[in-house]
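Novice: Coordinates only, no sequence provided:
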């Protein structure tokens, strides 16, 4: 009887996995919608989807040649005065699928350019997680976490886990940052940064040769940092003109750092002046909703290369040419 019960449970698990995959990847249903249909939690759906990709039930193949728009990428780089750009022709589908396409392009760049002598810093973001998942074995370079732990309910999507997974590909020295990203005041931040492990990682910021960063849109529901602030502090930063965050550095539309609500002193992350000294910073972000934030990041001078999608790239070309 136990064997029959186990077999039935296994069949039910497989059926739920296939149904979840079909609804998510083919129909574009959200994880919450699928969870309601299957009578399970959203986190259970996320595990089913991850297991399906890991076990080969779902295979996503993207032809690298037709997915890139080289002419559009050249124009974006020229108009915005950056070293280079990669523009991906993303296909319709859930946000995670579009992030995976951006991540694949960014993974190809890192795999092609990284050397053992590099010191690679990494922030966090869904596209960065997708990038790390698609990286091949890398040269044994050093990996440095650029921002403290980001508050999120999804335990596999956070800055510390991202560094761990990247370190598995690079197998070189790893410098994690075991502190929260945002604290109540500068005194707390100073105390935490004096801790030996945190101090060791912070000490690596001036040695970075490359960095891979995400770009957050400073808007309700779109910025993890904004969500971590009190409503009053969030409004203060809004009123100061915040439109983007890059490694916890909040920028206005002209790319200038916003220092409202004491954010720079409360964030445990690489500073603006330190990031500016990194020789090669590649940012990964796409989508129409991210365009104001991407434009601000490019205007800041902190970004040297951009990986984005066709929709965002065309919108970035609207308006006057950047000086």
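Specialist: Nice, I can see it. Note that the structure is predicted; figures quoted are calculated from it, not measured.

Novice: list the contacts for the spatially closest residue to residue 46 that is not a sequence neighbour?
Specialist: With C-beta to C-beta, 6 or more residues apart in numbering as the criterion, residue 46 has its nearest non-adjacent residue at 6.0 Å, and that residue is residue 31. (Each C-beta comes from the backbone N, C-alpha and C, glycine too.) Applying C-beta atoms under 8 Å, 6 or more residues apart in numbering to residue 31 gives the contacts 24, 42, 45-46, 49.

Novice: closest to residue 198 among those residues?
Specialist: residue 46 (30.3 Å; C-beta to C-beta).

Novice: the helices in the stretch 101-250 of the chain, which residues?
Specialist: Taking DSSP state H, counting those that start in this stretch as the criterion, the stretch 101-250 of the chain contains helices spanning 126-133, 159-170, 186-193, 196-202, 224-228, 231-239.

Novice: deepest of those helices, which one?
Specialist: Greatest average neighbour count among the helices of the stretch 101-250 of the chain goes to helix 126-133 (a mean of 24), per mean count of other C-beta atoms under 10 Å.

Novice: relative to helix 159-170, how tilted is that helix?
Specialist: Between the direction of helix 126-133 and that of helix 159-170, the angle (axes from the mean of the first three to the mean of the last three C-alpha atoms, to 10 degrees) works out to 30 degrees.

Novice: Which secondary structure elements does helix 126-133 sit against?
Specialist: Other elements packing on helix 126-133 under the criterion 3 or more C-beta pairs under 8 Å, 6 or more residues apart in numbering; DSSP states H and E are helix 95-113, helix 159-170, strand 210-214, strand 280-284.

Novice: circling back: generate JSON lines for the helices of the stretch 101-250 of the chain, with distance to residue 69 and mean pLDDT as supplementary columns.
Specialist: JSON lines is the format used below for the helices of the stretch 101-250 of the chain (distance: least, C-beta to C-beta, whole Å; pLDDT from 0 to 100):
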{"stretch": "helix 126-133", "distance to residue 69": "18", "mean pLDDT": "88"}
{"stretch": "helix 159-170", "distance to residue 69": "27", "mean pLDDT": "86"}
{"stretch": "helix 186-193", "distance to residue 69": "42", "mean pLDDT": "94"}
{"stretch": "helix 196-202", "distance to residue 69": "37", "mean pLDDT": "95"}
{"stretch": "helix 224-228", "distance to residue 69": "30", "mean pLDDT": "87"}
{"stretch": "helix 231-239", "distance to residue 69": "34", "mean pLDDT": "96"}
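
Novice: Contacts only, for residue 44.
Specialist: Contact criterion C-beta under 8 Å, 6+ apart gives 35, 38 as the residues in contact with residue 44.

Novice: Relative to residue 139, how far out is it?
Specialist: Shown here: residue 44 relative to residue 139, a distance of 38 Å by C-beta to C-beta, to the nearest Å.

Novice: coming back round to it: any chance of CSV for the helices and strands packed on helix 126-133, columns distance to residue 240?
Specialist: Converted to CSV, the helices and strands packed on helix 126-133 look like this (distance: least, C-beta to C-beta, whole Å):
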stretch, distance to residue 240
helix 95-113, 28
helix 159-170, 25
strand 210-214, 22
strand 280-284, 22
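
Novice: Mean neighbour count, those: which tops it?
Specialist: For the helices and strands packed on helix 126-133, average neighbour numbers computed from mean count of other C-beta under 10 Å are highest in strand 210-214, which has a mean of 26.

Novice: Show the buried residues in the contacts of residue 31.
Specialist: Among the contacts of residue 31, those buried by neighbour count (16 or more other C-beta atoms under 10 Å) are 24, 42, 45-46, 49.

Novice: how about the strands in the protein?
Specialist: With DSSP state E as the criterion, the chain has strands at 84-88, 119-122, 142-145, 174-175, 210-214, 216-217, 242-246, 249-252, 280-284, 305-309.

Novice: And the ones you listed: which comes nearest residue 67?
Specialist: Distances from residue 67 to each of these were compared using C-beta to C-beta; the shortest belongs to strand 84-88, at 5.6 Å.

Novice: contacting residues around that closest one?
Specialist: 67-70, 72-74, 76-77, 101-102, 104-106, 109, 286, 304-310, 313.

Novice: Can you tell me the closest non-neighbouring residue to residue 295?
Specialist: Counting by C-beta to C-beta, 6+ apart, the residue nearest residue 295 is residue 316, at 6.2 Å.

Novice: Tell me how far that neighbour lies from residue 280.
Specialist: Here residue 316 is placed at a distance of 20 Å from residue 280 (C-beta to C-beta).

Novice: cool, and residue 203?
Specialist: Counting by C-beta to C-beta, the gap from residue 203 to residue 280 is 20 Å.

Novice: With residue 224 instead?
Specialist: Between residue 224 and residue 280 the distance, using C-beta to C-beta, works out to 25 Å.

Novice: Which residue ranges make up each domain of the chain?
Specialist: In the assignment given by automatic domain parsing, the structural domains of the chain cover 2-54, 70-316.

Novice: Tell me which of these is the most buried.
Specialist: Burial of the domains of the chain is given as mean neighbour count (mean count of other C-beta under 10 Å); domain 70-316 ranks first at a mean of 19.
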